[in-house]
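> starting from these lines, generate the structure:
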Amino acid sequence: MPKLKTRKAAAKRFQKSGTGKLMRRKAFKNHLLQHKTATRKRGLSRLAVVNERDAENVQLMLPYL
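Sure thing, here's the model as predicted:
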């Protein structure tokens, strides 16, 4: 069998947690930050768990993660 290729775009966006869950960045933290509260920006900085419906597709893109 040939080696499976990793989707590099997905590899840059997702990582695996210590318990094996797929983690992702949150949206809305790129620009237009001056009117967002510090609490909101701090919450957006934390990682979020990938939804279970999407996790299967992400796992196919990252065969060796």
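
> in this structure, which spans are helices?
Taking DSSP state H, the helices of the chain run over residues 8-13, 38-45, 52-61.

> and the first one, what does it pack onto?
This points to helix 8-13. Applying 3 or more CB pairs under 8 Å, 6 or more residues apart in numbering; DSSP states H and E, we find helix 8-13 packed against helix 52-61. Where C-beta positions appear, they are placed from N, C-alpha and C, glycine not excepted.

> for the helix it packs on, name the packing helices and strands.
Packing partners of helix 52-61 (3+ CB pairs under 8 Å, 6+ apart): helix 8-13, strand 22-24.

> burial-wise, tell me which of those comes out on top.
Among the helices and strands packed on helix 52-61, strand 22-24 has the highest mean neighbour count (mean count of other CB atoms under 10 Å), at a mean of 17.

> just checking: what are the partner strands of it?
Using DSSP bridges, the strands paired with strand 22-24 are strand 14-16 (antiparallel), strand 48-49 (antiparallel).
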